[in-house]
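> For reference, the sequence and a predicted model appear below.
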Amino acid sequence: MEYLVTMTTRVPAGTPDQTVEDVRARETVRGRELAERGHMLRLWRPPLGPGEWRSIGLFAAGGDAELEKILASMPLRIWRTDQVTPLVPHPHDPARPIAPARPPEFLTRISLAAGVEEPDWRGQDHLVRLWRRPAGAPGTLGLWRTRDAGELHATLASLPQYASMTVETTPLTGHPNDPGAAVRP
């Protein structure tokens, strides 16, 4: 099962810089181990405010309990809170490789007005992955690659259901510990 995890880290005031650097170094090593085992699939940074530490990760685990063990094994967890969104395969998921590409990536959360039929997502060239949330949770999540936010908007606006959609878009940038990155620091 796949999970989207928003990880927010708050280092306590007064924590020595060396302690922070040691924990971050151990986090890098642990992230590589999790990637090698197929648990950490991707890692991104959403737009951040000053002094803010947040990452969005795509993880794979055998279930909620295994995911919790994975997240708890990461050194930054001592200062981090996690918001977990379980992901269910979408029948129109193009299942394209999720390794980073040159164009920017965007995460969308799309909700449709009641009674509106879901678009046929097949044939959307910029769509990399598509997920549903578990039963009872509204919305479809998509990972897109486009030239820029304007191209993503134009792509979504071309769908007949667009007027009945609520779209929340998060621009994503590379994370230094992204297991999909070709070169790591």
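Now that the structure is in, tell me what you want to look at.
> how about the longest helix anywhere in the chain: buried residues?
The longest helix of the chain (DSSP state H) is helix 17-36. Neighbour counts over helix 17-36 (16 or more other Cβ atoms under 10 Å) mark 23-24, 27-28, 30-31, 34-35 as buried. In short, each C-beta sits where N, CA and C put it, glycine included.
> what does it rub up against?
11, 40-41, 43, 59, 70, 73-76, 78-79, 176-177, 179, 184 (Cβ atoms under 8 Å, 6 or more residues apart in numbering).
> Dump it to PDB, restricted to CA.
Provided in PDB are the C-alpha atoms of helix 17-36 (Å, rounded to 0.1, in the frame of the first residue of the first chain):
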ATOM      1  CA  ASP A  17      23.600  23.100  16.000                       C
ATOM      2  CA  GLN A  18      25.900  20.100  16.200                       C
ATOM      3  CA  THR A  19      22.900  18.000  17.600                       C
ATOM      4  CA  VAL A  20      20.700  19.100  14.700                       C
ATOM      5  CA  GLU A  21      23.400  18.300  12.100                       C
ATOM      6  CA  ASP A  22      24.000  14.800  13.700                       C
ATOM      7  CA  VAL A  23      20.300  14.000  13.500                       C
ATOM      8  CA  ARG A  24      20.000  15.300  10.000                       C
ATOM      9  CA  ALA A  25      23.000  13.200   8.900                       C
ATOM     10  CA  ARG A  26      21.500  10.000  10.500                       C
ATOM     11  CA  GLU A  27      18.200  10.900   8.700                       C
ATOM     12  CA  THR A  28      20.000  10.900   5.400                       C
ATOM     13  CA  VAL A  29      21.500   7.500   6.000                       C
ATOM     14  CA  ARG A  30      18.100   6.100   7.200                       C
ATOM     15  CA  GLY A  31      16.300   7.500   4.200                       C
ATOM     16  CA  ARG A  32      18.700   5.800   1.800                       C
ATOM     17  CA  GLU A  33      18.200   2.500   3.700                       C
ATOM     18  CA  LEU A  34      14.400   2.900   3.400                       C
ATOM     19  CA  ALA A  35      14.700   3.700  -0.300                       C
ATOM     20  CA  GLU A  36      16.800   0.600  -0.800                       C
END
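> ok, the next helix or strand after that helix: who's next to it in the sheet?
Sequence order places strand 40-45 as the next helix or strand after helix 17-36, per DSSP states H and E. Its sheet considered, strand 40-45 pairs with strand 53-60 (antiparallel), strand 165-174 (antiparallel) by DSSP bridges.
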